[in-house]
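**Student:** Sharing a model that was predicted from the sequence below.
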Amino acid sequence: KGGAHAYATPLVIEVEGQKQLISPGGNSVVAYDPSTGAEIWSCSYQGYSVVPRPVYGHGLVYVCTGYDVPTLLAIRPTGHGDVTRTHVAWKSNQSVPLNPSPILIDDELYTVSDQGVVSCLDARTGKLHWRKRVGGNHSASPVYADGKLYLVDEAGTTQVLAPGPKYRILSKNLLRGK
């Protein structure tokens, strides 16, 4: 196993009037006070090489834990110190991405695994609405624009989905490269 490294872009959120910089690391996610650098809370996990950016909404921070034991954690960012045992609202270990970041649209959290499995979860509870294999290898994060969810695989195939608790594909297109 490699070192406990990470490549994720941190995220700044506001919780109860206080800003927090959420920084996923190789074996824990840490919230810092961005004005002082002081640690507010941390949540430990097994993992390394964390790439997906954290997402925040519905009072939860969503973090993917990286390689070996990829898990999606939903953490309440209201604690102090080590919140590993007290503030994880829910977790999922099915088709968790290693590279693409999750995306939150309204009440649903979407993930696309590196192997092309898209999941739609209730963002508050983690309950699975649907999971579909769309194919292709995925490194790019899903994008939401104009009321649609766009997924682009490594071969240039773009799939356009209608967001919501029922799976609905709107179109599939190939972007040819040179």
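**Tutor:** All right, it came through fine. Numbering: from 1, shown residues only.

**Student:** beta partners for residue 158?
**Tutor:** Following DSSP bridges, residue 158 is listed with bridge partners residue 152, residue 173.

**Student:** State the pLDDT value of it.
**Tutor:** Per-residue confidence at residue 158 stands at 96 (pLDDT).

**Student:** What number of residues are in the vicinity of the residue lying closest to residue 76 once chain neighbours are set aside?
**Tutor:** Closest residue to residue 76 apart from its sequence neighbours, by Cβ to Cβ, 6 or more residues apart in numbering: residue 87 at 4.4 Å. (Each C-beta comes from the backbone N, C-alpha and C, glycine too.) Here the number of neighbours of residue 87 (other Cβ atoms under 10 Å) works out to 19.

**Student:** Contact partners for residue 10?
**Tutor:** Shown in contact with residue 10 (Cβ atoms under 8 Å, 6 or more residues apart in numbering): 21-24, 54.

**Student:** again, only this time at 10 Å
**Tutor:** 20-24, 29-32, 34, 53-54 (Cβ atoms under 10 Å, 6 or more residues apart in numbering).

**Student:** still on that earlier bit, wait, the residue nearest to residue 76 touches residue 79, no?
**Tutor:** Yes. The pair residue 87 / residue 79 is scored as a contact, 4.6 Å apart, by Cβ atoms under 10 Å.

**Student:** Residues that sit against both of the two, list them.
**Tutor:** Residues touching both residue 87 and residue 79 by Cβ under 10 Å, 6+ apart: 41, 43.

**Student:** For residue 119, list the residues it contacts.
**Tutor:** The contact partners of residue 119, by Cβ under 10 Å, 6+ apart, come to 72, 92, 94-97, 102, 108-113, 128-132.

**Student:** Just the helices from the protein, written as ranges.
**Tutor:** For the chain, no helices turn up when DSSP state H is the criterion.

**Student:** Kindly list the main-chain dihedrals of the most centrally placed residue in the chain?
**Tutor:** The residue lying closest to the centre of the chain (Cα atoms, centre = their mean) is residue 102, at 3.2 Å. According to degrees, to the nearest 10, the main-chain angles of residue 102 amount to phi -70, psi 170.

**Student:** just the buried members of the contacts of residue 10?
**Tutor:** Neighbour counting by 16 or more other Cβ atoms under 10 Å classes 20-24, 29-32, 53-54 among the contacts of residue 10 as buried.

**Student:** Low-confidence ranges, the protein, go.
**Tutor:** When residues are selected by pLDDT under 70, those of the chain lie in 1-3, 178.
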